[in-house]
Structures are given as C-alpha cells and as structure tokens.
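Participant: Quick check, what structure comes out for this input:
(one chain, ligands or ions: 1)
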Amino acid sequence: MATTYQRIKVAPMAGALGAEIGGIDLSRPPEPAAIAEIRRAFHDHQVLMFRDQKLSPEQHLALGRCFGPLTRSPYVKHMDAYPDIIAVLKEADENKISTFGNAWHSDFSFLEEPPMGSLLYGREIPSHGGDTLFASMYAAYEALSPGMRAMLDGMSAVHTGKPYGVQGVPKDLRVSRSIQMERNNPAADRETLHPVVRVHPDTGRKALFVNAIYTQRFENMTAAESKPLLDFLFAHAIQPEFTCRLRWAPGSLAMWDNRCTMHYAINDYDGRRRLMHRITVAGERSVGPRRNAA
Ligand SMILES: [Fe+2]
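Facilitator: As a prediction, the model looks like this:
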C-alpha cells in the first residue's frame, strides 16, 4: 500500500530513488509529526529535495539536528564561524580543477562510523550545470543474481581515506581553494573493514556498500584479485535506471542517506560561481547480513 502523508507532499522523481518534498517550510524545525513523515519519505526514497527554502546557517543547523547529532568530517576545512558547516564553493575563476565529490562515492566510507547522511543547501547556484547524481545501492544490490548476492553477503571490503592519505593522493590534483582538504595525512591510510552488503539499520533492506574512491580491496584478497569484481560492482551500481539527478536552484535543500546511496557532483560549470553549505549527520557502525560490524 502506498504511503500517505498528511503534513508534506511527496513527489517521486525517478524509478529507483529521489523525491521532491513540498508543503513545508523548514526555516523553523518542523514539529515531531512532520519530522516523522520526512523520515518516512527519507526511508522510502533515500534522497529528498526541498525547494525554495530560506535558511540561515543557524536554521540549517537546527534542521539537521532534527535528524540526529551532527558530525564533522575529517581532512576537510569547516567554516570558521560555523564549525559544523562545510562551505562547498567553486569560484568563477577556478577552471579545470577537481571539485569536491566529482566521482561516485559514499561520504567518508573509510570511517568506522560513516555519516548517516548530509543536508546540502544551495546558496549561489549557476543558471545551469552543477547538478548532483545519486544512485540507489538498494537497487544495485537487488538487481544482482541470487548467486552473486549470496556471495557478497558474506564478504567484507577494506576502505581507506585515499584522497587524504600519503599513498593515494594524485600528484597533480588541484581542488577549489575553499575546500582546503588536508593531504598527506598518514592517519588517512588506515584501513577500515565494512561488509560489502550493508543492512540498513532503519529499513532492514540490504544495500551494496562499496565505492570507487574509498574501497580498495576485499578482505583477505589482494587489490589485483579484487579489482575485476570491484570494477564490475562500481559500474553495475551506476546504471541509469538506478539513479536520479538533482537540479539545483538557490534555496534548494537536498538530504541523502549515505548508507544506501552513492552520489556524484557534476563539475560542468567552469566560469560560474557556486556556493553550497553542507552539514553532516552522524551515522553508526555498518552491519552486514551475516555478522555484526566486520
Ligand atoms: Fe560527497
């Protein structure tokens, strides 16, 4: 039976995931019943987009706290005035550089407790370009054969903070000035194990949990041995049928579930300024289908 909502309007945006949420002003933290409906929509659609919101940094932070404790991401500079907010800014003169999130990934999956999700708010948005793609890792998992699912259910994979550590940073990487990512931190080379298939703590559904930025190899296998299957999974997970695409406008707020989606920030707006504010909600240890946290 389709879910019904009293306090919000929910319009799915693609077959696999994503919904636009209307009928609610987020400038004051919503009442508990409305939060409960937003949570329900979040569980049903994994990525929510709210339009035409007017949020100060304080209002943005208050909204984020409705969904759990906020957390700060390592290796990335946060705002001096608002240490729980990352300003994702690319200036108009920053051309041919790498931007934050310009590859398919799940945020900071190399942490022992990767973030639950993020609330990304568009402040200055170019007239076109700078969309964000999302992929449903539920859909990716469910489309695999029973044999592949059964095999992956019992596997774990090693994740590391490659872009921030000593071993994996591309030599010629240039990123936008505002991001100020910390590089060459040996602590980021530390390896964390996560189940390849993650059981979502709220929905109980199984989602693939590997991504091309942070997942290095399967547990007890070499990188070379792991590569063919990882490459297959990375490509499998981003088939167009498993994705949705968010087009931003000033005042758009997206909220995504980092445990069952990947995302990709399209860097196609050279010459145009774009400013987003991101806050991050803390997550929990990953749990696989056959055992507790790997
Ligand atoms: Fe990201």
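Participant: Return the residues of the stretch 101-250 of the chain in contact with the ion.
Facilitator: Taking CB under 5 Å from the ion as the measure of proximity, the stretch 101-250 of the chain contacts the ion at 101, 107. (Each C-beta comes from the backbone N, C-alpha and C, glycine too.)
Participant: Now the stretch 101-250 of the chain against the ion: closest residue?
Facilitator: Closest contact between the stretch 101-250 of the chain and the ion, by CB to the ion, is at residue 101 (3.8 Å).
Participant: so how far is residue 104 from the closest residue to that residue other than its chain neighbours?
Facilitator: Spatial nearest neighbour of residue 101, chain neighbours left out: residue 265 (3.7 Å); criterion: CB to CB, 6 or more residues apart in numbering. Note on residue 265: its distance to residue 104, by CB to CB, to the nearest Å, is 10 Å.
Participant: helices and strands of this structure: which one has the lowest mean pLDDT?
Facilitator: Sorting the helices and strands of the chain by mean pLDDT, DSSP states H and E puts strand 86-90 at the bottom, at a mean of 93.
Participant: Which neighbours in the sheet does it have, and how are they oriented?
Facilitator: strand 274-281 (antiparallel) (DSSP bridges).
Participant: ok, the strand it pairs with near the ion or not?
Facilitator: No: judged by CB under 5 Å from the ion, strand 274-281 and the ion are separated, with a smallest distance of 8.2 Å.
Participant: And that strand, how far out from the chain middle?
Facilitator: 12 Å (CA atoms, centre = their mean, to the nearest Å).
Participant: same question, stretch 156-172
Facilitator: Centroid separation for stretch 156-172 versus its chain: 18 Å, with CA atoms, centre = their mean.
Participant: cool, and stretch 152-170?
Facilitator: How far stretch 152-170 lies from its chain's middle: 16 Å, per CA atoms, centre = their mean.
Participant: Can you list the buried residues in that stretch?
Facilitator: 152-153, 155-165, 169 (16 or more other CB atoms under 10 Å).
Participant: residue contacts, residue 251?
Facilitator: Neighbouring residues of residue 251 by CB atoms under 8 Å, 6 or more residues apart in numbering: 51, 52, 53, 54, 55, 122.
Participant: Let's see if you can find the most crowded of those residues.
Facilitator: residue 122 (22 neighbours; other CB atoms under 10 Å).
Participant: what is that residue paired to in the beta sheet?
Facilitator: Beta-bridge pairing for residue 122 (DSSP bridges): residue 276.
Participant: Spell out the residue ranges of the strands in the stretch 151-294 of the chain.
Facilitator: 156-159, 192-195, 197-199, 206-208, 215-218, 243-246, 253-257, 261-265, 274-281 (DSSP state E, counting those that start in this stretch).
Participant: Let's have the ones you listed in JSON lines, adding mean pLDDT.
Facilitator: JSON lines is the format used below for the strands of the stretch 151-294 of the chain (pLDDT from 0 to 100):
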{"stretch": "strand 156-159", "mean pLDDT": "98"}
{"stretch": "strand 192-195", "mean pLDDT": "98"}
{"stretch": "strand 197-199", "mean pLDDT": "98"}
{"stretch": "strand 206-208", "mean pLDDT": "98"}
{"stretch": "strand 215-218", "mean pLDDT": "98"}
{"stretch": "strand 243-246", "mean pLDDT": "98"}
{"stretch": "strand 253-257", "mean pLDDT": "98"}
{"stretch": "strand 261-265", "mean pLDDT": "97"}
{"stretch": "strand 274-281", "mean pLDDT": "97"}
